[in-house]
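Asks: Predicted structure and sequence below. I'll ask about it afterward.
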Amino acid sequence: NAGVTQTPKFRVLKTGQSMTLLCAQDMNHEYMYWYRQDPGMGLRLIHYSVGEGTTAKGEVPDGYNVSRLKKQNFLLGLESAAPSQTSVYFCASKTGGNEKLFFGSGTQLSVL
Amino acid sequence: DAKTTQPTSMDCAEGRAANLPCNHSTISGNEYVYWYRQIHSQGPQYIIHGLKNNETNEMASLIITEDRKSSTLILPHATLRDTAVYYCIVMVSNQFYFGTGTSLTVIP
């Protein structure tokens, strides 16, 4: 099993450009999450999904959209990137109940 | 929502036990406490979690007070590779909210 895979690992955008980050998990997990982490800070929850076809807002959802069309994939979109969205983005997934989160290795995004 | 409070930083001598405290005074009866750690900018790594009983695994022990308002993560024999940021998290409605964590430095 690959676990949780994030694509791409690095990306540089210009202000106003759009992009999509892909998170894929092969563990048949119901729950998936997107976090961002700014330098020296903890992870902040952007959006999450409790199952295929569902999404919900976390702590810092503004400027992002998400989709969960397939159970194994959770996409994070930036429609018009801003320098404030420069961050490291982490995806995570888990099965139901009180089980642990599994994290991807992160995507470093820079918006110039 | 239950929130957690942790010291910003701690040091521990190599080979000694590292005891990392966490306060979660607003935790509800069915909310679990989780501990993760993050080394450099890698994805957070799961350590342990529990509800009210003490838990132990190959990495660490988790001691939760009887009133569940605080807990302590114990790394029994800290090594240099345990230098990391440690996060104490309470899961609320399947949402995990990370604070700023405790930066643990293991000193040779």
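Replies: Right, received. Where do you want to start?
Asks: Spit out the contact partners of residue 103.
Replies: Chain wasn't specified; assuming chain A. Neighbouring residues of residue A:103 by C-beta atoms under 8 Å, 6 or more residues apart in numbering or on different chains: A:4, A:90, A:91, A:92, B:43, B:44, B:45. The way it works is simple: take the backbone N, C-alpha and C, and place the C-beta from them, glycine included.
Asks: wrong one, chain B
Replies: Residue B:103 makes contacts with B:8, B:9, B:10, B:84, B:85, B:86, as judged by C-beta under 8 Å, 6+ apart.
Asks: cool, residue A:6 as well?
Replies: Shown in contact with residue A:6 (C-beta under 8 Å, 6+ apart): A:21, A:22, A:23, A:89, A:90, A:91, A:104, A:105, A:106, A:107.
Asks: Separate out the buried members of those residues.
Replies: A:21, A:23, A:89, A:90, A:91, A:104, A:106, A:107 (16 or more other C-beta atoms under 10 Å in any protein chain shown).
Asks: Can you add pLDDT and distance to chain B and give these back as a markdown table?
Replies: Converted to a markdown table, the buried ones among the contacts of residue A:6 look like this (pLDDT from 0 to 100; distance: C-beta to the nearest C-beta, whole Å):
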| residue | pLDDT | distance to chain B |
| --- | --- | --- |
| A:21 | 97 | 14 |
| A:23 | 98 | 11 |
| A:89 | 98 | 11 |
| A:90 | 98 | 6 |
| A:91 | 98 | 9 |
| A:104 | 96 | 6 |
| A:106 | 96 | 6 |
| A:107 | 97 | 11 |
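Asks: Now whatever residue of chain A ends up closest to chain B: phi and psi?
Replies: Residue nearest to chain B within chain A (C-beta to the nearest C-beta): residue A:103, separated by 3.5 Å. Phi and psi for residue A:103, reported as degrees, to the nearest 10, are phi -110, psi 150.
Asks: hang on, residue B:88 is in a strand, isn't it?
Replies: Yes - assessed with DSSP: H, G, I helix; E, B strand; the rest coil, residue B:88 lies in a strand.
Asks: can you count the residues close to residue A:40?
Replies: 8 (other C-beta atoms under 10 Å in any protein chain shown).
Asks: how far away is it from residue B:41?
Replies: As judged by C-beta to C-beta, to the nearest Å, residue A:40 and residue B:41 stand 11 Å apart.
Asks: Report the secondary structure state of the nearest residue to residue A:107 once chain neighbours are set aside.
Replies: Using C-beta to C-beta, 6 or more residues apart in numbering or on different chains and skipping residues adjacent in sequence, the residue nearest residue A:107 is residue A:89, 4.6 Å away. Following three-state DSSP, the label given to residue A:89 is strand.
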